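Asker: This is a predicted model, with the sequence first.
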Amino acid sequence: MKIKTDSRLLYLQVMDRIKQDIENGVYLPHHKLPSEYELSKIFGVSRATLREALRVLEEENILIRRHGVGTFVKPKPIFRTGIEQLSSVSEMIVEAGKEPGTIFLSSKLLVPTKEDLKNFSISEDDRIHVVERIRTANGEPVVYCVDKLPTNLFKQVPSFEDHSFFSFINKETGRNIEYSSARIEPIGYHDKVSPLLQCEPEVSLLLIEQLHFDDLNRAVLHSYNYFRADQFSFNVLRKRN
């Protein structure tokens with residue numbers, strides 16, 4: 001169906017048509033669009049007009065263009081939450097209607113780093129549990145996690161059955177995590193993490209590093225969570241004073 005003439009620029013009309021086709025299921029997530037030649041014929045526009053529409057749709061995170069391969073529909077994030085809301089990964093997955101799971105990769109007992117000594121207020125004689133996991137949603141890998149817990153509070157490391165470390169901490173200490181200090185960093189392709197999460201090269205990651213505190217204001221957990229950016233969307237509510 002060719003684009004009808006109206007007062008808007010042609011590339012805007014092409015954009016609206018492609019968005020409509022995506023909404024109507026003509027093109028599904030990860031679906032490859034027809035070639036530029038085919039699309040220009042379908043819409044009755046020039047290749048230059050079509051390329052401008054595709055360029056803007058890519059900037060709007062609706063399409064992904066892979067050089068030498070083609071243009072694909074970018075999937076919408078499944079997991080959406082406010083970044084100011086402190087939730088465990090398991091809670092995020094459950095809220096999205098998915099079943100959380102865990103793939104344990106490693107568990108180590110290490111000498112604390114200078115950062116660990118400062119974060120947990122421990123001595124050089126103490127040790128740190130370092131646990132490496134992949135969190136899954138309905139069996140699909142979505143988050144890579146590295147968690148640190150001080151042995152002065154936790155004599156044993158979480159088991160394979162302890163999917164949520166928030167729940168583990170409550171079970172072991174009788175206290176709840178009340179708040180955290182967070183650092184957020186966008187990351188492109190990561191040589192180790194991206195393959196573990198089965199990411200395509202163009203899929204970026206979002207690292208959220210958090211130091212979690214219990215209701216006694218003790219730091220009890222230092223976590224590094226690498227989220228698939230195509231699966232998770234974090235919103236921030238900002239207010240004027």
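Answerer: Yep, that arrived. Numbers count the residues shown, from 1 in each chain.
Asker: The protein - how does it break down into domains?
Answerer: The record's domain parsing of the chain by automatic domain parsing lists 10-73, 79-235.
Asker: any chance of those in TSV, plus mean neighbour count and mean pLDDT?
Answerer: (Glycine included, C-beta is placed from N, CA and C.) Conversion of those to TSV gives the following (neighbours: other C-beta atoms under 10 Å; pLDDT from 0 to 100):
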stretch	mean neighbour count	mean pLDDT
domain 10-73	15	88
domain 79-235	16	87
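Asker: what are the ranges of the strands in the chain?
Answerer: 63-66, 70-73, 79-82, 100-110, 128-137, 140-150, 177-187, 205-214, 219-228, 232-235 (DSSP state E).
Asker: Check which helices and strands the second one sits against.
Answerer: Packed against strand 70-73 by the contact rule (3 or more C-beta pairs under 8 Å, 6 or more residues apart in numbering; DSSP states H and E) you find strand 63-66.
Asker: which residues sit against the strand it packs on?
Answerer: 18, 33, 54, 57-58, 71-74, 202 (C-beta atoms under 8 Å, 6 or more residues apart in numbering).
Asker: go on, stretch 134-146?
Answerer: If you take C-beta under 8 Å, 6+ apart as the criterion, stretch 134-146 is touched by 78-79, 89-90, 93, 96, 98-103, 105, 130-133, 163, 193, 196-198, 223-228, 231-232.
Asker: same check, this time on stretch 33-48
Answerer: Identification of contacts with stretch 33-48 by C-beta under 8 Å, 6+ apart yields 1-3, 10-11, 13-14, 17-18, 27, 49-51, 54, 63, 70-73.
Asker: And that stretch, end to end?
Answerer: End-to-end distance for stretch 33-48: 17 Å, by C-alpha to C-alpha, to the nearest Å.
Asker: now do stretch 56-72
Answerer: Taking C-alpha to C-alpha, stretch 56-72 runs 14 Å from one end to the other.
Asker: how far out from the middle of the chain is it?
Answerer: The chain centre lies 19 Å from the centre of stretch 56-72; the measure is C-alpha atoms, centre = their mean, to the nearest Å.
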